[in-house]
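K.L.:
Got a predicted model here, sequence first, then my questions.
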Amino acid sequence: MTIAFIGIGNMGRPMLANLLKREFSAVAYDIAPAALEAAAALGAARAASPAEAAAAGDLVITMLPSSTNVEAAYLGPGGIIVGAAAGKLCIDMSTIDPSTSRRVAAQLNERAIRYIDAPVSGGIGGAAAGTLAIMVGGDAADLAEARPALAAIGSNIIHVGGIGAGEVAKLRNNLISGSALVAVAEAFRIGEAFGVDPQILTDVIAKSSGATWVMEHAHPVPGIVDTAASSRQYAPGFMPDLMAKDLGLAVSAAREKRVPVVVASAVQQVYRMASSHGLGREDFSSVYKFLTPSGDDAPV
Ligand code: NAD
């Protein structure tokens, strides 16, 4: 089976690599020539547009940054909607606004093209290991058809509900992990300011009620977790720009449903500040770099 894979970035690249290691071949497209080059180096054929990739693939997978990019790749000029034959199944694995998923699906459905949303969690480590959690919104029969390809990418595939429901689950997850990372960064900055060794603090928290996935896998202090982005100059990983987008979507969803949100709104601003400090395209754990204490002469 040939997969049309569109969006070969930090996540798309290892996901594509895992598909190519299995029984799949691929035809790839990315607007960035260097990304397309990386896909070709993995063994994928190149397409000149999303439409061309969709026409050549038996199944379409997209892994793009934002709602705008997904609308452009599916519905814009040279988009998937132009190239995909009636009956083709498209899987959008990007993290985007669920209402965009539903809008894109509706337009594709008018041409009998099928669509499910299947965003992921687990970071580039999970993408490389093929162990991502995949949360799916859409028809159960479409998921059954997508499952062999998804199983090459992730190890936990969960059907959440109708179209957009995967995105609803994913954005709730990132509200928690994005907030937890800022809490961990703040805790370690305060601990260090009181002279506590960050390794010892890690050992304590790992055995206590503050233990969290982000400390175990995305520890913001360099040198504590070898595989964390902080131990490789905060190379992404998952970028503050993407986390700011996800928390923004979480805040909008809360407003729509009139749910009060305090933490998500504040934390989104921390990731925006990371962007303002030039860290937007480093790893999200880089917020630790600017959460530094003021000088001793600042009033308390
Ligand atoms: P990325 O910026 O590294 O890669 C995105 C790729 O999409 C880039 O190569 C870009 O050139 C390409 N692109 C953008 N618009 C395009 C278009 N219209 N047509 C074709 N290609 C286009 O981002 P990423 O880290 O790979 O993240 C992708 C998605 O996965 C995002 O929605 C993100 O929120 C989500 N996600 C990321 C992580 C992570 O750890 N990085 C984890 C889970 C989910």
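P.N.:
The structure has been received and is ready for your questions. Quick caveat: nothing in here was measured; it's all calculated off a predicted structure.
K.L.:
which residues in the stretch 101-250 of the chain form helices?
P.N.:
Per DSSP state H, counting those that start in this stretch, the stretch 101-250 of the chain has helices spanning 123-129, 140-153, 165-193, 198-206, 213-217, 240-256. These are given in chain order.
K.L.:
could you list every residue that touches residue 45?
P.N.:
The contact partners of residue 45, by Cβ atoms under 8 Å, 6 or more residues apart in numbering, come to 25-28, 56. C-beta coordinates here come from the backbone N, C-alpha and C atoms, glycine included.
K.L.:
Can you tell me which residues in the stretch 201-300 of the chain are near the ligand?
P.N.:
By the rule Cβ under 6 Å from any ligand atom, the part of the stretch 201-300 of the chain lying against the ligand is 237-238, 242.
K.L.:
rerun that using 5 Å as the cut-off
P.N.:
Within reach of the ligand by Cβ under 5 Å from any ligand atom, the stretch 201-300 of the chain has these residues: 238, 242.
K.L.:
Which parts of the stretch 201-300 of the chain are strands?
P.N.:
Secondary structure of the stretch 201-300 of the chain (DSSP state E, counting those that start in this stretch): no strands present.
K.L.:
For the ligand, give me its nearest residue in it.
P.N.:
As assessed by Cβ to the nearest ligand atom, the ligand sits closest to residue 238 within the stretch 201-300 of the chain, at 3.3 Å.
K.L.:
Can you read off the pLDDT for residue 194?
P.N.:
The predicted local confidence for residue 194 comes out at a pLDDT of 97.
K.L.:
What count of nearby residues applies to it?
P.N.:
Residues within reach of residue 194, counting by other Cβ atoms under 10 Å, total 7.
K.L.:
contacting residues for it?
P.N.:
If you count contacts by Cβ under 8 Å, 6+ apart, then residue 194 has nothing around it.
K.L.:
and which of the contacts of residue 45 is nearest to the ligand?
P.N.:
Proximity to the ligand was ranked across the contacts of residue 45 by Cβ to the nearest ligand atom; first place goes to residue 28, at 9.5 Å.
K.L.:
Need the helices of the stretch 101-250 of the chain in JSON lines (columns: mean neighbour count).
P.N.:
Supplementary listing: the helices of the stretch 101-250 of the chain in JSON lines, determined by neighbours: other Cβ atoms under 10 Å:
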{"stretch": "helix 123-129", "mean neighbour count": "20"}
{"stretch": "helix 140-153", "mean neighbour count": "17"}
{"stretch": "helix 165-193", "mean neighbour count": "20"}
{"stretch": "helix 198-206", "mean neighbour count": "15"}
{"stretch": "helix 213-217", "mean neighbour count": "18"}
{"stretch": "helix 240-256", "mean neighbour count": "21"}
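K.L.:
Below-threshold pLDDT in the stretch 51-200 of the chain: ranges please.
P.N.:
For the stretch 51-200 of the chain, applying pLDDT under 70 flags no range at all.
K.L.:
how much space between the closest residue to residue 198 other than its chain neighbours and residue 264?
P.N.:
Closest residue to residue 198 in three dimensions, ignoring its sequence neighbours and counting by Cβ to Cβ, 6 or more residues apart in numbering: residue 221, at 4.6 Å. Distance of residue 221 to residue 264, given as Cβ to Cβ, to the nearest Å: 24 Å.
K.L.:
before we move on, what about residue 44?
P.N.:
For residue 44 relative to residue 264 (Cβ to Cβ), the value is 37 Å.
K.L.:
higher neighbour count, the two?
P.N.:
Residue environment comparison for residue 44 versus residue 264 gives the larger neighbour count to residue 44, 26 against 23, counting by other Cβ under 10 Å.
K.L.:
domains in this protein, as residue ranges please.
P.N.:
Domain assignment of the chain by automatic domain parsing yields the ranges 2-161, 168-290.
K.L.:
With that, I have no additional questions.
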